[in-house]
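Engineer: have a look; sequence and predicted model below, questions after that.
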Amino acid sequence: MDETRASRTALSTSLMRAVHTRLDRPALIDDAWGDRLVPQSEREALLKRMIGGLDPEAPKRVDPLGSPEAALDAMLRAHPMYGTVVVRTRYAEDALAAAVARGSRQYVIIGAGMDSFALRQPAFARGVEVFEIDHPASQGLKRRQLHECGVPVPPTLHFVPADLSRESLGTALGRTAFRGDQPAFFSWLGVTVYLTREANLETLRAVAGCAAPTSELVFTYLDEHELDPDRGSDDVQKVRATVATVGEPWVSGFDPSRLAEDLRGVGLVLVEDLDGEGLLARYCAGRTGGLSPASGVHIARARVGASPA
Ligand SMILES: C[S@@+](CC[C@H](N)C(=O)[O-])C[C@H]1O[C@@H](n2cnc3c(N)ncnc32)[C@H](O)[C@@H]1O
């Protein structure tokens, strides 16, 4: 990503969650924070990019009589990653709730972007310390926006600025009150695709190395076959072209058939791995309105030093 700018994709995903919360019924998540946290100038720039971007079909989806806000909502809703972004938040927070019920009191959000969990503070999360690790440019914008919107930072939220291409997760967490002797829950949503395989394995190894046994991690990854122009789906090719234009190219994935082995190699045990069809069946069956996770993007859940439950 651009070293000096907040991640644009983090702003888009936060707006997608807000659009879903406002417009889709039943809503799978309740997270309208993107409407407050994404600056107006960024929304305008995003709409301009989406309309004038690489997708020749895009302008046809925009109602010429609608407001810019309605046009942006429509474009985000039609984005191939919209369903995935909504469902991954729901999946991660369901797994977090289960981990808290088992005794975890630490939640580490790697590449947090505009994640609003710490601001929403659902009842089950009382007493959970939240560590948001993100690139300093993205985290800086979030902190400025919170300040501008007059939103106090909850005492349980710890901001940890770190460029994970230069500093390991373990070192970053070592600067905080994170307790490696207590179970923790980690999420890493929408990030692995932007990092190299080596950097991803390094972060996975760091999770296994700095977290107590039974700690869990939920992360998303791209089926690496999607990176092959001859085998990748049209949707993925389209999104790859778009994100590359904002300086955040998709560079790596995992092979689903070897994921368990990859994780074992860094000290983690694969508990669950769902592709788009699995997520569709679990969260979107029977829905109308087309909330549909992209087929090549997976959500995996792994555990530190324990057998799958
Ligand atoms: C697509 S956004 C996802 C944000 C959030 N997890 C979500 O689901 O909305 C990718 C996030 O990864 C972060 N990121 C990318 N490269 C990074 C790096 N080298 N170090 C730390 N964070 C990074 C960006 O700042 C951004 O917040």
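Structural biologist: Ah, there it is.
Engineer: nearest spatial neighbour of A18, chain-adjacent residues omitted?
Structural biologist: G34 (3.6 Å; C-beta to C-beta, 6 or more residues apart in numbering). For glycine as for every other residue, the C-beta is placed from the backbone atoms N, C-alpha and C.
Engineer: now do the contacts for the closest residue to Y82 other than its chain neighbours.
Structural biologist: Once flanking residues are discounted, Y82 sits nearest to M16: 5.3 Å by C-beta to C-beta, 6+ apart. M16 makes contact with 34, 76-77, 79, 81-82, 85-86, according to C-beta atoms under 8 Å, 6 or more residues apart in numbering.
Engineer: S187 too?
Structural biologist: 92, 96, 107-110, 217-219.
Engineer: inside strands: which ones of these?
Structural biologist: Applying DSSP state E to the contacts of S187, the entries found in strands are 107-110, 217-219.
Engineer: of the residues you listed, closest to L274?
Structural biologist: V218 (10.5 Å; C-beta to C-beta).
Engineer: quick one: pLDDT of A32?
Structural biologist: pLDDT for A32: 98.
Engineer: an error on my part: the question was meant for E148.
Structural biologist: 96.
Engineer: what do you get for G247?
Structural biologist: For G247, the predicted pLDDT is 84.
Engineer: kindly list the main-chain dihedrals of it?
Structural biologist: Backbone dihedrals for G247, given as degrees, to the nearest 10, come out at phi 80, psi 20.
Engineer: now for the top helix by length along the chain, which elements pack on it?
Structural biologist: If you go by DSSP state H, the chain has its longest helix at helix 82-101. Packing contacts for helix 82-101, counted by 3 or more C-beta pairs under 8 Å, 6 or more residues apart in numbering; DSSP states H and E, involve helix 8-23, strand 185-188, strand 216-222, helix 276-279, strand 297-304.
Engineer: ok, back up a step: dump the ones in strands among the contacts of S187 into JSON lines; add neighbour count, distance to L270 and pLDDT as well.
Structural biologist: Below are the ones in strands among the contacts of S187 laid out as JSON lines (neighbours: other C-beta atoms under 10 Å; distance: C-beta to C-beta, whole Å; pLDDT from 0 to 100):
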{"residue": "Y107", "neighbour count": "24", "distance to L270": "21", "pLDDT": "98"}
{"residue": "V108", "neighbour count": "27", "distance to L270": "19", "pLDDT": "98"}
{"residue": "I109", "neighbour count": "23", "distance to L270": "21", "pLDDT": "98"}
{"residue": "I110", "neighbour count": "25", "distance to L270": "18", "pLDDT": "98"}
{"residue": "L217", "neighbour count": "26", "distance to L270": "10", "pLDDT": "98"}
{"residue": "V218", "neighbour count": "23", "distance to L270": "12", "pLDDT": "99"}
{"residue": "F219", "neighbour count": "25", "distance to L270": "11", "pLDDT": "98"}
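Engineer: so which residues on the chain come close to the ligand?
Structural biologist: For the chain, the contact set with the ligand under C-beta under 6 Å from any ligand atom comprises 1, 7, 9-10, 13-14, 111-113, 115, 134-135, 138, 162-165, 189-191, 194.
Engineer: try it again with 8 Å
Structural biologist: 1, 6-7, 9-10, 12-14, 17, 85, 88-89, 109-115, 133-135, 137-139, 162-166, 187-191, 194-195, 199, 248 (C-beta under 8 Å from any ligand atom).
Engineer: in ChimeraX, how would I select the buried members of these?
Structural biologist: ChimeraX command restricting the residues of the chain next to the ligand to the buried ones, with burial defined by 16 or more other C-beta atoms under 10 Å:
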select :1,6,7,9,10,12,13,14,17,85,88,89,109,110,111,112,113,114,115,133,134,135,137,138,139,162,164,187,188,189,190,191,194,195,199,248
